[in-house]
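>>> Below is the sequence, then the predicted model.
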Amino acid sequence: MAIYTILIAPDPRLKIKSELVKEVTDEVRQLMDDMLETMYSAGGIGLAAPQIDVHKRVIVVDVVGNDENPQPVCMVNPEIIEVSEEDLPHDEGCLSLPEYFSEVIRPTSVRVRYLNYENKICELGADGILAVCIQHEIDHLDGILFVDHISSLKRNIILRKLTKSKKHEAIT
Ligand code: NI
């Protein structure tokens, strides 16, 4: 197991479109284990492989609270096959945009098809925070961040502040 460094926006590597995984091998399982460890250690509820500079279509999520037993879900090549007609706004954050939150409107529930840890094709219906999280992580695989869903004015403010704090870190 290993904890990876999470890329912080703005970073061109976060905009790369990730590639499909041919088969869930031991190497991919190792990646998912490392991603879960990285996500838990950063206190996140979801992580996509491009956030650790691995450009494969792999996401991990666990929306259960800290005090409860972990319920990790690993998805390879996740694909949304159904969305609800109803949309809901939800405050989103991201480990690649630390400390910033913004309201994003997405379908309330989704149905997703993916390869699981055992390389089996699975389907999952999700709503609530799990549906938000899965859609947010799948966006990462296409180089989309939650700030790409908000106004360019708000997005630029957040990205400018992040650039500033990165520069500050580099000189201290
Ligand atoms: Ni994110």
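Done, it's in.
>>> what residue is smack in the middle of the chain?
residue 137 (2.9 Å; C-alpha atoms, centre = their mean).
>>> remind me, longest strand of the chain?
Identified as the longest strand of the chain according to DSSP state E is strand 73-83.
>>> ok, residues contacting the helix ranked longest in the chain?
Ranked by number of residues, the top helix in the chain under DSSP state H is helix 152-171. Residues from elsewhere that reach helix 152-171 (C-beta atoms under 8 Å, 6 or more residues apart in numbering): 8, 9, 10, 97, 100, 102, 147, 148. Backbone N, C-alpha and C define where each C-beta goes, glycine included.
>>> Among those, which lie within strands?
Using DSSP E, those in strands are residue 102.
>>> Adding pLDDT and neighbour count as columns, could you present the contacts of helix 152-171 in CSV?
Converted to CSV, the contacts of helix 152-171 look like this (pLDDT from 0 to 100; neighbours: other C-beta atoms under 10 Å):
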residue, pLDDT, neighbour count
8, 97, 18
9, 97, 23
10, 96, 18
97, 97, 22
100, 96, 19
102, 96, 19
147, 97, 24
148, 97, 13
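>>> Pick the one among the contacts of helix 152-171 closest to residue 124.
When the contacts of helix 152-171 are compared for distance to residue 124 (C-beta to C-beta), residue 148 wins out at 24.6 Å.
>>> Next one: that closest one from residue 127, what distance?
23 Å (C-beta to C-beta, to the nearest Å).
>>> Next: residue 88.
Relative to residue 127, and taking C-beta to C-beta, residue 88 is found at 9 Å.
>>> intersection of neighbour lists for these two?
Contacts common to residue 88 and residue 127, judged by C-beta under 8 Å, 6+ apart, are residue 108.
>>> Name the residues of stretch 91-107 that are buried.
92, 94, 95, 96, 97, 100, 102, 104, 106, 107 (16 or more other C-beta atoms under 10 Å).
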